[in-house]
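S.K.: Build me a model from this:
(one chain, ligands or ions: 1)
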Amino acid sequence: MLFVKKFISVVCVMMILITGCKKKKFDQERMCARIDMQRVVALFPKTAEEIELLSSETQQHMQNVLEELYAIPAQTRTYPNTVLLYEQAYLLFFTRLQLLSVLAMLSDNAQLQLAANLAVQELQQFQVKNMIGNMQMYEAFSQYAVYGKDAYHTTKPVQNFLQHMAQKSIQEGKNLSIDQRSEFAKLNQDIGRLSGQFIGNILYDSRHILVSADGLKGVADSVVQTIHQDDQGNYILPANQSLFFSIMENCEVEATRKAYYLMFGQIAYPQNEQVLGGLMRKRHELAQLFGFNSFAGYQIHDLMMKTTKKVEQFLWAFAKDLQIYEKRDYQKMLRHLPPTVTVTSQGTLQPWDDAYVKSYYRKQFFNINDTALAAYFPLDFVVPAMFKQFQKVFHVSFEEDLSEGLWAPGVQSYRVRSLKNQAVIGYLLLDLYQRSGKKINDACHMMIIPAIRDDCSIACVGASVVVAQFAPPTPSVPTLLEFSDVMTLFHEIGHGLHALFGATRFTMFSGTQVQQDFVETPSVMLEYWFDEPEMLSAISHHFQTGKPLSNVQIQQLIAAQKFGRAGRMLKQVYMAMLSFYIFQNGHERELPKMISKLYKKIFHYVAYEPEFHVEASFAHLAQAYGAAYYTYPLSAVIGADIFKQMKQHGLWNHEVGTKYIEDILSPGGSSAPQAMIKRFLGRHFTMNAYVSML
Ligand SMILES: [Zn+2]
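M.R.: Numbering: from 1, shown residues only. Presented below is the predicted three-dimensional model:
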């Protein structure tokens, strides 16, 4: 019980802290998470027993609150006995689920990780069973919407909360008949199972190719050293994304590139053809249950884009713009092919030559050598240098804080403080080094404590962690980041800041919990900062000479970024169309034909390879993105428009930065994205800014 007591005492402190609020209308208005780093550390359970207790105590608490909520007669519903009651319980539930998820993914203690993983599953099952689709709970909110007469009832955040809950109740089956509801539950189960199979088939695909040492000519020694060898000394190339890019860009031997490319096109094939077919059918049935004629239509109607027509128009218009610049880039590249590469009889490149040709051109014409460039980006310089830039733009400071006692050694923690009023906004944690047992594929961001704005409009601190798998430093060489890693880190820290600045009245709107097709915009916007010489100079620092990149190097790097941009984005648009059409009018039998037709419409310079089954290993199809992978191209467009506007007012002008925080980050998910964008830009977004960067 020790741990539970400790947790409750923290909660009590939070409640005591709020009593100074002058506008307070009720006792214990809300559980404010205004805590310091020591208390953040204390929130994490430290043993498997504490984890078990936390899980059962969390479920019990939510169960009690739900029963309390049901018991109140409709006419006597008030803000504190209905909305606030639930919100406080949900804040606790959500935070604990996040804490346990962090341990399940990141703890360096295998036993804790296992216990946390079980606890996360328990809480998620509890959520599915008792919270999602709980019409009795939604009824309580709609009764308050009808009968509530207190001062809170008409306030904007509360109205927003009530509207959102009404909408959720419909999404979760309020208007369905009893039979339909059970069909809905069954479909969700089937979809969950098929998604799990789809992802599992990708993750556990063990195919590989064998290549002799000669077959790896051109690949950097530092990469070759990481590849395992068999007894005969052949190199074993598994299905690993980052190795794939490295081989496709640098390997001079066409046979290796071709074999590896074809192997990648076989990942999870043919098993996933059938799984995807099942997923398409089940999702289609689900959409029909709600009166939609496609899953894409069903998914998108709740998002910023609202209709499939708008998504389709956006994607095709964007593709057409990109193709103009892609043509310009390919025409240049085709005139300067590497000596061993030839074009097909149609004048196109083979798909396994594409990345190699691009990389060759980058090396020849922009003098870009990714390994040499990495010497300018030692991690321990880049992070504080990034923070210095954020300080200028967002008018906040980053102060190193206590990090002992978290889930693993080596985690860094920063207190983020507003320079306007000196208030602490939250804690940004960085867990960046490779560690065995760290269960992540790519760099990512996780919310730990949601940022909350209490009833007196005081922001209560949140906490967030950015996670990566960078190689740890050696005694002689620090951790050096490739330029793409620097961008990734910046992007993920962008999500972290969104989580901290997005302090909302209700937990479910806090931070990055925005509509799915808006969630990437703030982070993608930050990536454009790397088109600015001032930025590149500020964050580069050769680990031996201490010098930043020279002006010439900076210009080359910016030009190289710009050169490949249209082609890179066109690939994203293609994947977005794939995800959209598969769930828009996808008939499984027609799938291969549809994909080949789409590919040929989009790519005019690279031959189509029918044996490359991209759809079988496109994990996002089965995950939350579904039909909405267009989020990425859309964010690139909106992010560019926002960036350009900031640039017009001076990028390092914190008045613009503050307006950006107010309009785009602070509302979290409590405002409609279109309205937020319009408030900041003063108009609707357009593609012009993005196109001007090509
Ligand atoms: Zn992102």
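
S.K.: Least confident secondary structure element in this protein?
M.R.: Lowest on mean pLDDT, DSSP states H and E among the helices and strands of the chain sits helix 2-17, with a mean of 31.

S.K.: average pLDDT across the next helix or strand after that helix?
M.R.: Per DSSP states H and E, the first helix or strand lying C-terminal to helix 2-17 is helix 37-43. Across helix 37-43, pLDDT averages out at 88.

S.K.: how about the residue lying closest to residue 75 once chain neighbours are set aside, what does it touch?
M.R.: Nearest residue to residue 75 in three dimensions, chain neighbours excluded: residue 147, at 5.2 Å (CB to CB, 6 or more residues apart in numbering). (Each C-beta comes from the backbone N, C-alpha and C, glycine too.) With contact set as CB atoms under 8 Å, 6 or more residues apart in numbering, residue 147 has these partners: 74, 75, 76, 77.

S.K.: Name the member of the residues you listed with the most neighbours.
M.R.: Tallying neighbours with other CB atoms under 10 Å puts residue 77 at the head of these, with 24 neighbours.

S.K.: residues touching it, list them.
M.R.: So, once contact is read as CB under 8 Å, 6+ apart, residue 77 ends up touching 140, 143, 144, 147, 148.

S.K.: now the residues you listed: which count as buried?
M.R.: Using 16 or more other CB atoms under 10 Å as the burial test, those include 140, 143, 144, 148 as buried.

S.K.: Just flag the most distant two among the residues you listed.
M.R.: 140 and 148 (11.0 Å; CB to CB).

S.K.: between these two, what contacts are shared?
M.R.: Shared contacts of residue 140 and residue 148, defined by CB under 8 Å, 6+ apart, comprise 77, 82.

S.K.: just the residues of this structure that are near the ion, which are they?
M.R.: Proximity of the chain to the ion (CB under 5 Å from the ion) is limited to residues 520, 523.

S.K.: so how far is the longest helix along the chain from its chain's centroid?
M.R.: Ordering each helix of the chain by length in residues (DSSP state H) puts helix 551-582 first. Put simply, helix 551-582 sits 19 Å off its chain's centre (CA atoms, centre = their mean, to the nearest Å).

S.K.: ok, and for the next helix-or-strand element following that helix, which residues are buried?
M.R.: Next helix or strand after helix 551-582 toward the C-terminus (DSSP H and E): helix 591-602. Taking 16+ other CB under 10 Å as the neighbour-count basis, helix 591-602 is seen to contain the buried residues 591, 594, 595, 599, 602.

S.K.: do stretch 311-322 as well
M.R.: Buried, per 16+ other CB under 10 Å, within stretch 311-322: 311, 312, 314, 315, 318, 319, 321, 322.

S.K.: now those in a markdown table, with secondary structure?
M.R.: A markdown table is the format used below for those (DSSP: H, G, I helix; E, B strand; the rest coil):
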| residue | secondary structure |
| --- | --- |
| 311 | helix |
| 312 | helix |
| 314 | helix |
| 315 | helix |
| 318 | helix |
| 319 | helix |
| 321 | helix |
| 322 | helix |
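
S.K.: Quick check: residue 485 touching residue 470?
M.R.: Yes: at 6.9 Å, residue 485 and residue 470 qualify as touching, with contact defined as CB atoms under 8 Å.

S.K.: more neighbours, these two?
M.R.: residue 485 (20 against 17).

S.K.: quick one: contacts for the more buried one?
M.R.: 377, 443, 468, 470.

S.K.: Secondary structure element holding it?
M.R.: helix 483-501.

S.K.: Let me see the domain layout of this structure.
M.R.: 44-176, 206-264 (automatic domain parsing).

S.K.: for these, which one ends up most surrounded?
M.R.: Ranked by mean neighbour count, these are led by domain 44-176 with a mean of 18 (mean count of other CB atoms under 10 Å).

S.K.: ranges for the strands of the chain?
M.R.: 208-211, 235-238, 396-401, 412-418, 424-433, 444-449, 452-453, 459-460, 462-470 (DSSP state E).

S.K.: State whether residue 383 and residue 430 are indeed in contact, as I suppose.
M.R.: Yes: taking contacts as CB under 8 Å, residue 383 lies within contact range of residue 430: 6.9 Å.

S.K.: Could you name every residue contacting both of those two?
M.R.: Residues touching both residue 383 and residue 430 (CB under 8 Å, 6+ apart) are residue 412.

S.K.: Just the mean pLDDT for stretch 648-656, thanks.
M.R.: pLDDT averaged over stretch 648-656 gives 88.

S.K.: got the buried residues for it?
M.R.: 651, 654, 656.

S.K.: Isn't residue 280 up against residue 584?
M.R.: No: with contact defined as CB under 8 Å, residue 280 does not reach residue 584; the gap is 10.3 Å.

S.K.: list residues touching both of those two?
M.R.: residue 295.

S.K.: pretty sure residue 655 contacts residue 649?
M.R.: Yes: with contact defined as CB under 8 Å, residue 655 counts as touching residue 649 (7.4 Å).

S.K.: Show the contacting residues for residue 690.
M.R.: When contacts are counted by CB under 8 Å, 6+ apart, residue 690 touches 636, 637, 640, 641.

S.K.: Give the PyMOL command for selecting the buried subset of those.
M.R.: In PyMOL syntax, the buried subset of these is picked out as below (16+ other CB under 10 Å):
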select buried, resi 636+637+640+641
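
S.K.: taking the contacts of residue 690 one by one, which sit in helices?
M.R.: 636, 637, 640, 641.

S.K.: coming back round to it: export the contacts of residue 77 as a markdown table, with columns for pLDDT.
M.R.: Converted to a markdown table, the contacts of residue 77 look like this (pLDDT from 0 to 100):
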| residue | pLDDT |
| --- | --- |
| 140 | 97 |
| 143 | 97 |
| 144 | 97 |
| 147 | 95 |
| 148 | 93 |
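
S.K.: Got the confidence number for the closest residue in space to residue 528 that isn't next to it in sequence?
M.R.: Spatial nearest neighbour of residue 528, excluding adjacent residues (CB to CB, 6+ apart): residue 643 at 4.2 Å. Note on residue 643: pLDDT of 96.
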